[in-house]
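Enquirer: build me a structure from this.
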Amino acid sequence: MSCQLSGLNMQEITALMPQIEAFAEIGEYLDQPVRIYSSGMQVRLAFSVATAVRPDILIVDEALAVGDVFFQQKCFERIRAYREAGTTLLFVSHSMGSVYSLCDRAILLNGGASPWTALRGMSSTCITRWPCSATTANMETCGSSKAGRPLHRSRTA
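Expert: The predicted model follows:
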């Protein structure tokens, strides 16, 4: 059904099924109801279906965090190949390593406070500012909550 929502007809879906099955690597579970899948299996199938055909825009929102590391790397390889082919990527993550690896530019959000954007620019610049430490200097850069605390604290603070 997800393929149909992507605008594919039954003939195209049938032709893509071997590729989807191979990428998802969930074996015989593919024929089972999705409700019995683990969260990792659901992500495997969802990503496989969503990327069976190169999209113009690919939106990934923390979904790969539940998959195993080998599947994550496989997904990252596909994402990189699609980016090189011209796909626009909107990637939402708390994993700075993933942001650095996949994105040229980034937006660091201000924890929902005003203004929404704490920083935008090269991904490496945004990564060095996250998570913000509890120092006064970084509070000015990253914003502070209504209680006067920094929005993000480093693990060492």
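Enquirer: name the residues of stretch 36-48 that are buried.
Expert: Residues of stretch 36-48 classed as buried: Tyr37, Met41, Gln42, Val43, Arg44, Leu45, Phe47, Ser48 (neighbour count, 16 or more other C-beta atoms under 10 Å). Yep, even glycine has a C-beta here, placed from its N, CA and C like the rest.
Enquirer: which element is the second one on?
Expert: It stands for Met41. helix 39-50 (DSSP states H and E).
Enquirer: what about the nearest residue to Met122 once chain neighbours are set aside, distance to Ala81?
Expert: In this structure, Met122 finds its nearest non-sequential neighbour in Arg105, 6.3 Å apart by C-beta to C-beta, 6 or more residues apart in numbering. As judged by C-beta to C-beta, to the nearest Å, Arg105 and Ala81 stand 19 Å apart.
Enquirer: need the contact list for the residue nearest to Phe23 when sequence neighbours are not counted.
Expert: Nearest residue to Phe23, sequence neighbours excluded (C-beta to C-beta, 6+ apart): Ser48, at 4.2 Å. Counting by C-beta atoms under 8 Å, 6 or more residues apart in numbering, Ser48 makes contact with Gln19, Ile20, Glu21, Phe23, Ala24.
Enquirer: these two touch, right, Gln19 and Ala52?
Expert: Yes. Using C-beta atoms under 8 Å, Gln19 is in contact with Ala52, at 5.9 Å.
Enquirer: show me the shaky parts of the protein.
Expert: Applying pLDDT under 70 to the chain flags the ranges 1-6, 111-117, 130-157.
Enquirer: in it, which spans are helices?
Expert: 2-5, 10-24, 39-50, 69-84, 96-102, 123-128, 136-142 (DSSP state H).
Enquirer: for Pro33, give its distance to Gln42.
Expert: Counting by C-beta to C-beta, the gap from Pro33 to Gln42 is 11 Å.
Enquirer: what's the closest non-adjacent residue to the residue nearest the centre of the chain?
Expert: Nearest to the mean C-alpha position of the chain, counting by C-alpha atoms, centre = their mean, stands Val60 at 3.5 Å. Once flanking residues are discounted, Val60 sits nearest to Phe91: 5.1 Å by C-beta to C-beta, 6+ apart.
Enquirer: how about stretch 99-112: buried residues?
Expert: For stretch 99-112, by 16+ other C-beta under 10 Å, it's Val99, Leu102, Cys103, Ala106, Leu108, Leu109, Asn110.
Enquirer: all good on my end, thank you.
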